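Q: following is a predicted model, sequence given first.
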Amino acid sequence: MAAPVSNTPEMEYNIADILAELAENDAKTAAQSQPEPIPEATRRNDVPKDEPVEVAEDENDIPAAVKRQPQAARESAADAPRPAPKQARPKAAPVEPANLSEPEPTRRGKKKKRSGLMVALRILVVVWAFEMLYFIVAVSDIPFIKKWRTIYIQTAMETMSHHWLADYFFPKTIVDPIRKGMSSVQNKQTGITSNIDDDKPTTATSNPQEPPKELTDEEAFYELFWEIDQVTMDDYIKKHADVLENGWDNIYINEAGLDDSGTSIYTKFGEQVLAVDAKNQILLIRVEGGGYRGVLAVAKDAERLTLCPSANIGYAGQYVGDIAANNNGILGMNGSGFIDPNGNGDGGEIAGYAMCDGTEYGTHYAWGYKRIELHENNKFYITDAQDATNAGTTDAVEFTPALIVDGTTLVDETDFWNGINPRACIGQSKDGEILMLVIEGRSVLNGIVGTGVVECARILALHNAEQAINLDGGSSAIMWYDGEYVNKCSNGYLAGRPLPNAWIYTESES
């Protein structure tokens with residue numbers, strides 16, 4: 001039987017206070033041992049909702065105030081109801097590695113190894129693809145590929161110093177037949193020369209029994225510039241009345257500069273007119289087609305044409321514009337080719353032979369080249385370069401191939417001389433007009449790559465060319481008119497190249 005509890009003041013204890021102290025102790029203990037917060041999902045899935053937390057009934061867990069009570073009081077306090085214990089929060093389970101059977105460094109090593117193998121495999125696939133592409137381009141007989149491969153090799157072979165662009169990338173079994181084909185064209189032209197008749201007048205004479213017909217200034221203008229479409233010319237004059245301010249024989253229209261877009265005047269062949277200079281008898285025409293653009297200059301008075309040397313010929317060349325300015329020129333284009341080692345020539349040393357107003361320079365080209373001679377009767381004639389210069393010659397240059405001889409076109413699509421290049425050609429119409437043609441090229445981003453000699457011959461034949469020859473092209477192909485260049489050099493960083501000489505058409509003195 002339990003001992004009775006004393007009612008003295010020292011031994012009186014409030015049961016509610018004891019329970020409150022016990023609850024406070026429990027709260028402190030729980031706060032000290034409380035784990036890190038656990039995700040809701042973990043608490044929800046891993047902790048049983050109804051599982052109570054056991055509370056140890058250890059002597060150390062009893063408050064000091066209870067210990068001081070008599071045994072009976074402590075038993076009564078122990079028998080009193082207690083608040084429900086709080087459930088402990090279990091610690092989150094540690095996340096295990098994906099594969100505990102292998103240590104982390106081993107897995108990383110395998111990953112790197114697989115990555116390296118994939119990179120090597122990709123490189124091999126790319127190399128294989130390029131080899132297959134090269135094989136198709138270099139030796140395939142597919143007609144489309146063969147055609148453009150031949151044009152590429154011809155383009156390289158036609159230059160003065162870039163044959164390596166063909167020899168380096170293609171096998172000899174592909175390059176040599178094309179090289180021989182180009183030589184065959186030169187061989188085919190050997191012996192074909194102009195019928196020289198120095199007594200023949202430049203233009204057909206009128207019947208001496210008929211008096212010359214008197215023409216109005218307007219009629220004389222359209223007779224001189226027979227190529228111009230009269231309707232478009234008249235429309236232009238209506239919109240620009242000041243053009244006739246000084247009369248028909250002094251009409252000057254110039255929209256040929258690199259920053260100009262040309263006029264609204266057209267030729268009878270549908271070509272845009274860039275400039276009309278009645279005083280100097282010059283007509284500049286835009287010529288263009290698939291992948292090329294250029295300028296054709298028609299200079300009506302052949303007597304004013306001459307081949308002018310650079311000021312320091314033999315040592316250094318000059319730009320066409322400078323040569324023209326030194327020789328009272330109004331119109332000019334490149335003349336002879338020049339020795340150009342590795343593309344760094346300064347234009348001082350002529351390739352082949354030239355004659356400038358009776359003075360000879362250089363040495364004749366050997367077999368296969370042609371020479372165009374300007375004679376005292378102001379007529380062009382074409383002959384073989386290895387032959388002696390004909391009597392009566394005042395000016396001459398040598399190059400290849402000849403395009404038109406005595407009105408007959410010598411080149412066609414079957415020839416192995418049809419590379420896509422910037423071009424320069426000079427010739428003369430059956431009526432004695434000087435024809436200067438320059439074609440731009442090598443500007444792939446602008447769609448201007450150049451053209452072949454066949455297309456040049458077609459343009460010149462359209463304008464009644466009687467004689468015409470291909471000149472040195474590439475970055476040498478340049479035309480200058482009245483103080484400015486009218487075509488872009490194929491090297492976009494240059495305004496042409498220094499040259500040993502240039503064809504110059506002099507300005508009228510009147």
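A: That came through fine.
Q: which element is residue 122 on?
A: Per DSSP states H and E, residue 122 falls inside helix 104-139.
Q: quick one: residue 156 and residue 178 touch, right?
A: No: using C-beta atoms under 8 Å, residue 156 is not in contact with residue 178, being 9.7 Å away. Using the backbone N, CA and C atoms, a C-beta is placed for each residue, glycine as well.
Q: so for the helix holding residue 122, what gets flagged as buried?
A: residue 137 (16 or more other C-beta atoms under 10 Å).
Q: how close does residue 501 sit to residue 351?
A: Distance from residue 501 to residue 351, counting by C-beta to C-beta, to the nearest Å: 11 Å.
Q: what touches both of residue 156 and residue 178?
A: residue 166 (C-beta atoms under 8 Å, 6 or more residues apart in numbering).
Q: name the residues contacting each of residue 501 and residue 351.
A: Residues touching both residue 501 and residue 351 (C-beta under 8 Å, 6+ apart): residue 336.
Q: so which of these two has more stuff around it?
A: Legend: neighbour count by other C-beta atoms under 10 Å for residue 501 and residue 351, higher for residue 501 (28 against 21).
Q: mind listing the residues bridging to that one?
A: residue 309 (DSSP bridges).
Q: how far away is it from residue 259?
A: Applying C-beta to C-beta to residue 501 and residue 259 gives a distance of 28 Å.
Q: likewise residue 370?
A: In this view, residue 370 and residue 259 are 37 Å apart by C-beta to C-beta.
Q: neighbour count for these two, which is higher?
A: When neighbours are counted by other C-beta under 10 Å, residue 370 comes out ahead of the other of residue 370 and residue 259, with 27 against 6.
Q: can you list phi and psi of the more buried one for me?
A: phi -120, psi 160 (degrees, to the nearest 10).
Q: need the contact list for residue 316.
A: In this structure, residue 316 makes contact with 310, 346-348, 498, judged by C-beta under 8 Å, 6+ apart.
Q: just send these back as a markdown table, with secondary structure, distance to residue 138 and pLDDT too.
A: Output for the contacts of residue 316, formatted as a markdown table (DSSP: H, G, I helix; E, B strand; the rest coil; distance: C-beta to C-beta, whole Å; pLDDT from 0 to 100):
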| residue | secondary structure | distance to residue 138 | pLDDT |
| --- | --- | --- | --- |
| 310 | coil | 42 | 97 |
| 346 | coil | 36 | 86 |
| 347 | coil | 35 | 87 |
| 348 | coil | 38 | 87 |
| 498 | coil | 37 | 94 |
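Q: SS state for residue 234?
A: Assigned by DSSP: H, G, I helix; E, B strand; the rest coil, the conformation of residue 234 is helix.
Q: number of nearby residues for it?
A: 11.
Q: distance of it from residue 246?
A: From residue 234 across to residue 246, the span is 18 Å (C-beta to C-beta).
Q: can you list the domains in the protein?
A: 124-186, 215-506 (automatic domain parsing).
Q: which of these is buried the deepest?
A: Greatest average neighbour count among these goes to domain 215-506 (a mean of 20), per mean count of other C-beta atoms under 10 Å.
Q: okay, and for this structure, where does confidence drop off?
A: Filtered on pLDDT under 70, the chain yields the residue ranges 1-23, 25-113, 146-148, 151, 157-162, 182-184, 198-212, 415-417, 493.
Q: mind listing the helices for the stretch 251-400 of the chain?
A: Secondary structure of the stretch 251-400 of the chain (DSSP state H, counting those that start in this stretch): helices at 320-326.
Q: rewinding a little: pull the most distant pair out of the contacts of residue 316.
A: Distance extremes for these: the farthest pair is 310 and 346 at 9.9 Å, using C-beta to C-beta.
Q: overlap in contacts of these two?
A: Both residue 310 and residue 346 are in contact with 316-317, 498, where contact means C-beta under 8 Å, 6+ apart.
Q: with the residues you listed in mind, which one is nearest to residue 402?
A: residue 317 (25.0 Å).
Q: how close does that closest one sit to residue 242?
A: Residue 317 is 40 Å from residue 242, by C-beta to C-beta.
Q: please apply the same query to residue 508.
A: Using C-beta to C-beta, one gets 21 Å for the distance from residue 508 to residue 242.
Q: please apply the same query to residue 367.
A: Distance from residue 367 to residue 242, by C-beta to C-beta: 56 Å.
Q: and what of residue 150?
A: Look at residue 150 and residue 242: by C-beta to C-beta, they are 52 Å apart.
Q: middle-most residue in the chain, spatially?
A: residue 445 (3.6 Å; C-alpha atoms, centre = their mean).
Q: wait, what's in contact with that one?
A: Per C-beta under 8 Å, 6+ apart, neighbours of residue 445: none.
Q: doesn't it belong to a strand?
A: No: counting by three-state DSSP, residue 445 is not part of a strand but helix.
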